[in-house]
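Chemist: just coords:
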């Protein structure tokens, strides 16, 4: 199981790193080409379109869970059932996408009365919002094939496709910017690349699952109850996620000038990049946990929770140290002068994400093992607390108040989630701290000391100095975690995997009377 999880996790991380690398390269070019106001319009439109995820109705994780369970049976009846389930979800997606697009069209009509957009920018904003909304609405039924690939645990294929589309999208963006095209052309090119990606995913599913057919005519009303039981909990999850990761952009569009959105987005996007990279492997946890729960293997479920949580905390702790320690000079080199407030936003949001890293694995595993009632109640409260804290923060202290409010809401809610998770997996607080937190704290201490020394003694004014500082601190943290954060068995397992990848065979013990090799 751990070899399969490691392979899928690495492919997810590779796909996310390439996607975010493309965004890292293109963002300064686009901001400088469009200007902060036009880029703010694009960011606001993208944030509003992200709310179409609420119309997903929890169908995406439902499809992943049920397809993993059905495919585990490996018989014709299971494939027929999967065809009906996937077709029903496809039909629901089509209806949800249409309703979502109508909702966005209504927002576009009322944009001048809701957001602080200049009259000469209003037509552009409406066009961009409708184009992004159309792409998102069409993408909802098209995501059915991605869900089936996840259920197959074919993450290397899925991420290979994602890498290809990210590189193509980045190349088109750079070409259009250099040719002098505007915001609308950039949005259209992104939509074209998405269509190509959907077509490729559909082809891959038909190659891997020749007995599974998806069509509107195969949708069955009898499947709705089975789908709805799990998807209701996922709807609540989606609402909480939208409140946590999209509400800030909307509030800035309502309360602050559009240029402030670009300032905030620079710091927030770095936080999003780091979170996406380190959380990218979590999509493999749901099918793995669902399979273990179906077999009643409580011991391995507990092991998956503890080890997955420790690795996630350790990963994000290292990245958080680098972002907090070197975020200000990084932003100055990346975006140029005028973004000092972005660095403060980055620090506040990274702290919140670091607190959240201790419970993200539990967020995925609780619905996967059937703890829907507990999970739903908790996630239903999350958006309420987040909204209250965010509005209070932005009205009292602007961008920094908004970031602080979001991080405060995370700290409160994730503290409650820790209690819920420990009860569900029957883990004591002492064991949770000893297995998940203490190894990370021991590993962080030398890296924290080196970071403080570098920032005090070395002025970072070039990419060379920054790369050297980050490489030194990062290497020290990795060595410390290898020694103080991992068990001997885990080190042996990783070493065995590295030897296997490198093609080195393990040495054979010498037999009696035989000279050792």
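Modeler: Thanks, I have the structure now. Bear in mind the structure is a predicted one, so any value in this text is a computation, not a measurement. Numbering: from 1, shown residues only.

Chemist: Please count neighbours and contacts with C-alpha atoms only from this point.
Modeler: Will do.

Chemist: Looks like residue 168 contacts residue 193 (just checking).
Modeler: Yes. Contact criterion CA atoms under 8 Å: residue 168 and residue 193 qualify, at 7.1 Å.

Chemist: Stretch 11-29: which residues count as buried?
Modeler: For stretch 11-29, a neighbour-count test (16 or more other CA atoms under 10 Å) marks 11-20, 22-24, 26-27, 29 as buried.

Chemist: Same question for stretch 192-201.
Modeler: Neighbour-count burial for stretch 192-201 [16+ other CA under 10 Å]: 193, 194, 197, 198, 201.

Chemist: which SSE is residue 264 in?
Modeler: Counting by DSSP states H and E, the element that carries residue 264 is helix 258-279.

Chemist: what distance separates the next helix or strand after that helix from the centre of its chain?
Modeler: Where DSSP H and E defines the elements, the next helix or strand beyond helix 258-279 is helix 285-294. With CA atoms, centre = their mean, to the nearest Å as the basis, helix 285-294 stands 20 Å off its chain's centre.

Chemist: Any regions of the stretch 101-250 of the chain where pLDDT drops low?
Modeler: Within the stretch 101-250 of the chain, the stretches with pLDDT under 70 are 151-153, 211, 221-245.

Chemist: Break down it into its helices, ranges please.
Modeler: All helices of the stretch 101-250 of the chain, identified by DSSP state H, counting those that start in this stretch, fall at 111-114, 119-151, 155-179, 183-208, 224-245, 247-255.

Chemist: Between those helices, which one is closest to residue 103.
Modeler: Among the helices of the stretch 101-250 of the chain, the nearest to residue 103 by CA to CA is helix 119-151 (9.3 Å).

Chemist: and that closest one with helix 285-294, angle?
Modeler: Between helix 119-151 and helix 285-294, the angle comes out at 40 degrees (axes from the mean of the first three to the mean of the last three CA atoms, to 10 degrees).

Chemist: Helix 119-151 packs against which elements?
Modeler: Identification of packing neighbours for helix 119-151 by 3 or more CA pairs under 8 Å, 6 or more residues apart in numbering; DSSP states H and E yields helix 36-50, helix 59-71, helix 76-109, helix 111-114, helix 155-179, helix 183-208.

Chemist: Serialize those helices to a markdown table and add fields for distance to residue 255.
Modeler: Putting the helices and strands packed on helix 119-151 into a markdown table (distance: least, CA to CA, whole Å) gives the following:
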| stretch | distance to residue 255 |
| --- | --- |
| helix 36-50 | 13 |
| helix 59-71 | 33 |
| helix 76-109 | 17 |
| helix 111-114 | 10 |
| helix 155-179 | 30 |
| helix 183-208 | 24 |
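
Chemist: among those helices, which is nearest residue 319?
Modeler: helix 155-179 (22.3 Å).

Chemist: tell me what that closest one is packed against?
Modeler: Of the remaining helices and strands, those touching helix 155-179 by 3+ CA pairs under 8 Å, 6+ apart are helix 2-34, helix 119-151, helix 183-208.

Chemist: and the gap between the residue lying closest to residue 134 once chain neighbours are set aside and residue 108?
Modeler: Nearest non-adjacent residue to residue 134, counting by CA to CA, 6 or more residues apart in numbering: residue 101, 6.2 Å away. With the distance defined as CA to CA, to the nearest Å, residue 101 ends up 10 Å from residue 108.

Chemist: who's more crowded, the two?
Modeler: The residue with more neighbours, out of residue 101 and residue 108, is residue 101; 24 against 20, by other CA atoms under 10 Å.

Chemist: How much space separates the more buried one from residue 435?
Modeler: Going from residue 101 to residue 435 by CA to CA gives 46 Å.

Chemist: Kindly report the same for residue 37.
Modeler: Between residue 37 and residue 435 the computed distance is 47 Å (CA to CA).
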